[in-house]
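K.L.:
Predicted structure and sequence below. I'll ask about it afterward.
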Amino acid sequence: MINTENKSYLELCTEFYDNDKPFANEQEVDFYGQFFTKDELLLEPMCGSGRLLIPLIKEGYIVHGLDNSPYMLVNCHDRLRQQNLQTEIFEQSITNINLAQKYDGIIIPFGSFQLLYPRSVAFDTLKKLYQHLKPSGRIVLDMFIPWEAMYLGGEDQTSEKSTVLPSGDVIVHQSHSKANKLEQYYSSHDIYEKIVNGKVSLREEETMHLCWYFIYEFELLLEKVGFKNIKRINKVINQEELMVYVAVKP
């Protein structure tokens, strides 16, 4: 049975995401893989339906997944089965992560960490992730800065994107967002509609937040948690200009 308590990354959002964002390519897998060896135990919290998780496993890495969207995890399990792959998958929120084992590495790609809001929740989550690392374990996470927000005067912004499913049906995603420049976050109201034979057959609404951090600000957060040997790599991944942070638990 699907747990319906989670109010984001629901059925249509998941279907849109999987159709719009393909599996990570070889270059992306190689980039994240370079920080670990294939005999180390890794965790990808916020793994979703396995966009990066599954290619890493196919490449020979040992990766567990964790996510709080049951819809995403159903797809992740299905995709693993389709490729005759197995791994541990946990249905938990990263903000309340409580796993029995500790890991050599934690990977959070594609700005997913920025969905944690407010900042106090993000900071507490960093501390929990730190506790789930073995000594000398590494965290690798990337972020982006929505520079366009610097030029907004607080007005609402609206965007629309659609994706065509293999069935020929269409999912339209509308996002109505507002930036708070001083507090450094977006709040957005998202609407997903599935169009079948020209008519709306299913509609979902979600409310989300996205925070952003400037480079030294996030380095200081990592230091405050206890991480050492913090490195920042500027990298373009999937046409997004990202700041990749690599930090070590001493």
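P.N.:
That came through fine. Numbering: from 1, shown residues only.

K.L.:
Nearest residue to the residue nearest to the spatial centre of the chain in space, please, no chain neighbours.
P.N.:
Within the chain, one residue has its C-alpha closest to the average C-alpha position: by C-alpha atoms, centre = their mean, that is Ser112, at 3.0 Å. Beyond its immediate neighbours in the sequence, the residue positioned closest to Ser112 (C-beta to C-beta, 6 or more residues apart in numbering) is Met46, lying 4.3 Å away. For the C-beta atoms, the positions are set from N, CA and C on the backbone; glycine is no exception.

K.L.:
how about the one you found, what does it touch?
P.N.:
Leu66, Asp67, Ile94, Ile108, Ser112, Phe113, Leu115 (C-beta atoms under 8 Å, 6 or more residues apart in numbering).

K.L.:
mind giving me the domain split of the protein?
P.N.:
Residue ranges of the domains in the chain are recorded as 11-145+213-248, 147-211, according to automatic domain parsing.

K.L.:
returning to what we had before: how far away is the residue nearest to Ser112 from Val200?
P.N.:
Noted for Met46: a distance of 30 Å to Val200, by C-beta to C-beta, to the nearest Å.

K.L.:
what do you get for Gln82?
P.N.:
30 Å.

K.L.:
do Val225 as well
P.N.:
Going from Val225 to Val200 by C-beta to C-beta gives 45 Å.

K.L.:
Compare these two (neighbour count), which wins?
P.N.:
Val225 (19 against 10; other C-beta atoms under 10 Å).

K.L.:
all helices of the chain, in order?
P.N.:
When assigned using DSSP state H, the helices of the chain occupy the ranges 11-20, 26-33, 53-58, 70-82, 119-131, 215-225.

K.L.:
other SSEs contacting the shortest one?
P.N.:
The contact analysis (3 or more C-beta pairs under 8 Å, 6 or more residues apart in numbering; DSSP states H and E) places helix 53-58 against helix 26-33, strand 41-45, strand 62-67, helix 70-82.

K.L.:
Please repeat the previous calculation with a cut-off of 6 Å.
P.N.:
Helices and strands touching helix 53-58, by 3 or more C-beta pairs under 6 Å, 6 or more residues apart in numbering; DSSP states H and E, are strand 62-67.

K.L.:
Need the contact partners of the strand it packs on.
P.N.:
The contact list for strand 62-67 (C-beta atoms under 6 Å, 6 or more residues apart in numbering) reads 41-48, 53, 56-57, 73, 87-90, 92.

K.L.:
Then stretch 92-103?
P.N.:
Where contact means C-beta under 6 Å, 6+ apart, the residues beyond stretch 92-103 that reach it are Leu41, Leu43, Pro45, Met46, Leu66, Asn68, Val121, Thr125, Lys128, His132, Leu133, Lys134.

K.L.:
where are the low-confidence patches of the chain?
P.N.:
Low-confidence segments of the chain, defined by pLDDT under 70, are located at 1-7, 150-155.

K.L.:
let's go with 80 and repeat that
P.N.:
1-7, 148-155, 238-239 (pLDDT under 80).

K.L.:
Closest to His173 out of the contacts of Met46?
P.N.:
The nearest member of those to His173, counting by C-beta to C-beta, is Leu115 at 16.0 Å.

K.L.:
Find the nearest non-adjacent residue to the closest one, please.
P.N.:
Nearest-residue entry for Leu115: Leu210, 6.0 Å, with adjacent residues in sequence omitted and distances by C-beta to C-beta, 6+ apart.

K.L.:
For that neighbour, give its distance to Ile191.
P.N.:
Taking C-beta to C-beta as the measure, Leu210 falls 17 Å from Ile191.

K.L.:
If you count surrounding residues, which of those two has more?
P.N.:
For Leu210 versus Ile191, the count of surrounding residues by other C-beta under 10 Å is larger for Leu210: 20 against 15.

K.L.:
Quick check, that one in contact with Ser187.
P.N.:
No - counting by C-beta atoms under 6 Å, Leu210 does not reach Ser187; the two are 8.3 Å apart.
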